[in-house]
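# Sequence and predicted structure are below.
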Amino acid sequence: MPYKGTENFSHKQSERLGVLVTNLGTPDAPTTPALRRYLGEFLWDPRVVEVPRPIWWLVLHGIILRIRPKRSAEAYASVWDKDGSPLLIHTANQAEGIRKALQARYGNDVVVGFAMRYGNPSIPRVLDEMQEQGVRKLLVLPLYPQYSASTTASTFDAIAGDFTKRRWLPDFRFVSHYHDFPPYIEAMAKHIESHWAEHGRKQKLILSYHGVPLKYLQRGDPYHCECHKTSRLLAERLALKPEEYMTTFQSRFGREEWLQPYTDETLKSLPGKGVKSIDVFCPGFSSDCLETIEEINEENREYFMEAGGEGFAYIPCLNATQGHIDALVQLVEDNLQGWAAPESRPEVLEQRAALASERKQATWPGRDDL
Ligand SMILES: C=CC1=C(C)c2cc3[nH]c(cc4nc(cc5[nH]c(cc1n2)c(C)c5CCC(=O)O)C(CCC(=O)O)=C4C)c(C)c3C=C
Ligand SMILES: [Fe+2]
Ligand SMILES: [Fe+2]
């Protein structure tokens, strides 16, 4: 099988640096067939569901993909924006914010793109585009602050899987987490403080993260610990006492035990324990999506209020706020050390020109553009 090539490669093309921002992915439309395709790809990933393949194939195709797509499509329809899925819109805006900041500093030698692990725009398609644009050094930033094999490693698998089909691989760097990166903590703290300044502060701050099956923690996944560390650093920065905040886990799937305490059960029980008003923020979600808009701000709000709660405020995710973009740009720049050179540094431009002319003098049989 021929590897994906760079047949129209030209030595005249300048070498560019690529930053690929990724997120989980979302269906193409809030419809049952689109959900069947999306869930079929997502839930078949062995990083997501660690169940022996033959058994899981039967359960997935025999039960789940017959029932869940319709139910999920209805939930997605309730959050769908005129421009599409919220997750897709926010991710596109984040990539655009990062692009503007990096190109202002480094010029057009930096290319920024975004891709989704499942669905569109797919990782292989965006990597093709980046290669065509001359990207020879690639930094991948999955927008998962906390490492989990089910998300971060799965993204790595998709990149590595694409690379197995490519002839000429770029230099490659990968951000595997940033759960304790000070600018990320600071961006969240300022975001929460400005929400409090505008809307007032409730009795308790609930920090709700997407869950994973408990067995993933028992098998060594650091996700649970990283969520708790993010919460602790955020609480320290906000000067919260232990009784003023809590870490919980949402979005349970299936019957097995997931990370506890569960967000829904916690919210149902808090009013009975005297906690009548809460702020809820989701530090692990870099963008608002189905899981925050519908599950937290609708479903869980209802659980809390029906259980006797008197005040519920949902604090939106960082999305494409300037504070978030600034933090992500710092994260990218830290990871570009030695790769990116501001256009304003003449010695770098001179070095590059010298290298380019050296390269032109080199011989490479079969290439006529040397
Ligand atoms: C089946 C197991 C699942 C694991 C493990 C899991 C981990 C995980 N997921 C996110 C982030 C997101 N998940 C989202 C949706 C979603 N997640 C699952 C299942 C698992 N997730 C399903 C089936 C779905 C689809 C929705 C549904 O049918 O209920 C989303 C939202 C996507 C969107 O389009 O809005 C995000 C984001 C993390 C961070 C994580 C592990 C740490
Ligand atoms: Fe999920
Ligand atoms: Fe959910």
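Structure's in. What do you need? Ligands and ions are numbered 1, 2, ... in the order given.
# Name the residues of the stretch 151-300 of the chain found near ligand 1, please.
Proximity of the stretch 151-300 of the chain to ligand 1, by Cβ under 6 Å from any ligand atom, involves residues 151, 210, 212, 223, 251, 253, 284-285, 289-291. Any C-beta I mention is one placed from the backbone N, CA and C, and that applies to glycine too.
# Can you give me the end-to-end span of stretch 42-58?
Using Cα to Cα, to the nearest Å, the end-to-end distance of stretch 42-58 comes out at 16 Å.
# is any part of it close to ligand 3?
No - judged by Cβ under 5 Å from the ion, stretch 42-58 stays clear of ligand 3, getting no closer than 12.4 Å.
# Next, see if that stretch gets close to ligand 1.
Yes - residues of stretch 42-58 contacting ligand 1 under Cβ under 6 Å from any ligand atom: 43, 48-49.
# now what about that stretch, what contacts it?
24-25, 59-60, 64-65, 118, 149-151, 153-154, 157, 213, 215-216 (Cβ atoms under 8 Å, 6 or more residues apart in numbering).
# Can you give me the buried ones in that stretch?
By 16 or more other Cβ atoms under 10 Å, the buried positions in stretch 42-58 come out as 42-44, 47-49, 56.
# I'd like those residues as JSON lines, with distance to residue 85, pLDDT and secondary structure appended.
Output for the buried residues of stretch 42-58, formatted as JSON lines (distance: Cβ to Cβ, whole Å; pLDDT from 0 to 100; DSSP: H, G, I helix; E, B strand; the rest coil):
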{"residue": "42", "distance to residue 85": "14", "pLDDT": "98", "secondary structure": "helix"}
{"residue": "43", "distance to residue 85": "18", "pLDDT": "98", "secondary structure": "helix"}
{"residue": "44", "distance to residue 85": "20", "pLDDT": "98", "secondary structure": "coil"}
{"residue": "47", "distance to residue 85": "22", "pLDDT": "98", "secondary structure": "coil"}
{"residue": "48", "distance to residue 85": "19", "pLDDT": "98", "secondary structure": "coil"}
{"residue": "49", "distance to residue 85": "22", "pLDDT": "98", "secondary structure": "coil"}
{"residue": "56", "distance to residue 85": "26", "pLDDT": "98", "secondary structure": "helix"}
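# Buried ones in stretch 290-297, by neighbour count?
290-297.
# That stretch: how far from the chain's middle?
16 Å (Cα atoms, centre = their mean, to the nearest Å).
# Excluding chain neighbours, what is closest to residue 211?
Here the nearest residue to residue 211 in space, its sequence neighbours aside, is residue 249; by Cβ to Cβ, 6 or more residues apart in numbering that works out to 3.6 Å.
# So which residues on the chain come close to ligand 3?
Contacts of the chain with ligand 3, taken as Cβ under 5 Å from the ion, map to 251, 291, 295.
# Roughly how far does the residue lying closest to the second one once chain neighbours are set aside sit from residue 303?
Leaving aside its sequence neighbours, residue 291 sits nearest to residue 251 (Cβ to Cβ, 6+ apart; 5.2 Å). Residue 251 sits at a distance of 14 Å from residue 303 (criterion: Cβ to Cβ, to the nearest Å).
# Please apply the same query to residue 156.
36 Å.
# So between those two, which is more surrounded?
The neighbour comparison of residue 156 against residue 303 (other Cβ atoms under 10 Å) goes to residue 303, with 19 against 16.
# Cool, thanks, talk later.
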